[in-house]
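1. generate a structure from the sequence data that follows.
(one chain, ligands or ions: 1)
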Amino acid sequence: MSIEALSVKGLCSGYQGADVLQDLTFAVHSGDYVGVVGPNGSGKSTLVKSILGLIKPERGAISLFGTPFAQFRDWNRIGYLPQGLQFFNPNFPATVAEVVRLGRLAAKSFPRRFDRNDAAAVAKTLQWMDIAHIRDKMIGELSGGLRQRVLLARALVNEPELLVLDEPTTALDPETREHFYQLLADMNRERNTTVILITHDTGTIGRYATKLLYLDKRVIFYGGFDEFCKSAEMTGFFGEKAQHVVCHRH
Ligand SMILES: Nc1ncnc2c1ncn2[C@@H]1O[C@H](COP(=O)(O)OP(=O)(O)OP(=O)(O)O)[C@@H](O)[C@H]1O
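-> This next block holds a predicted model:
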């Protein structure tokens, strides 16, 4: 039986008492690669923020790896890449290696000190992400694509079992984007990393995701990608033309 990496039951969540998400129920199993799609303002980021505890849901239950949210402490099992680069101050005075090392903090209790294990994990991740040659460069000097790769390395440095990515490819050129997707697919296949990927890149997601969560404040569809392509929801909401784009796998 496969393990539930994430379980969401009856989730209502929003801001200042006004619900955005309405009664969401779904489960993500270990090794799933879930594409989360939906129009602007449909609550995709709100869902991620609720799952990670960045906002407090109004109602409902969330479990991570079988543990109810309130008791969950193993944040090092989860990697998170937030939306866009806007959070990132380009003048942030840190090198590539230092930024990646920040990802190790999630696993530490106070006093938070870095040790040899952290150095080894950082070195391994830099190699893996093919950014070891720029380890001493200042993060602010890098191009948007490289910076995104560094931030992904930060999300991966604990070798998370669940990786949550909020529109990670917006700043990337087509080649870097393709490479990025390939990397995620490899992690999913080879390490069984569970991936939850929010994207507007509907033309690409079908090539990689095994499941699709179509959100519009509530769950419009959740299930296998192929099933989605045949569903009435798909044509009803995206239209015939988009169906061709979303479901066309190469
Ligand atoms: N901090 C906030 N305070 C109040 N309302 C917010 C806040 N963040 C988001 N919202 C509102 O919640 C709704 C859902 O926003 P959310 O960012 O979750 O949508 P999304 O599906 O991720 O959108 P997009 O595709 O544009 O990134 C929107 O109406 C948005 O205006």
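
2. every contact and neighbour count from this point should use C-alpha atoms.
-> OK.

3. could you chop this protein up by domain?
-> 1-65+162-249, 88-160 (the TED database).

4. would TSV of these with distance to residue 73 be doable?
-> Output for the domains of the chain, formatted as TSV (distance: least, Cα to Cα, whole Å):
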stretch	distance to residue 73
domain 1-65+162-249	10
domain 88-160	9
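
5. which of those domains sits closest to the ligand?
-> Of all the domains of the chain, it is domain 1-65+162-249 that lies closest to the ligand, at 3.2 Å by Cα to the nearest ligand atom.

6. mind checking how far the closest one is from the chain centre?
-> 9 Å (Cα atoms, centre = their mean, to the nearest Å).

7. so for residue 44, what's the pLDDT?
-> For residue 44, the pLDDT comes out at 94.

8. quick one, what contacts it?
-> Listed by Cα atoms under 8 Å, 6 or more residues apart in numbering, the contact set of residue 44 reads 36-38, 198, 215.

9. could you dump the residues you listed to CSV with pLDDT?
-> Shown next, in CSV, are the contacts of residue 44 (pLDDT from 0 to 100):
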residue, pLDDT
36, 95
37, 91
38, 90
198, 93
215, 93
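
10. now for those: which two are most distant?
-> Greatest spacing in the contacts of residue 44, by Cα to Cα: 198 and 215 (10.4 Å).

11. now for the two: what residues contact both?
-> Common neighbours of residue 198 and residue 215 (Cα under 8 Å, 6+ apart) are 36-37, 44.

12. which one of the residues you listed sits closest to residue 16?
-> Closest to residue 16, out of all of those and judged by Cα to Cα, is residue 44, at 17.5 Å.
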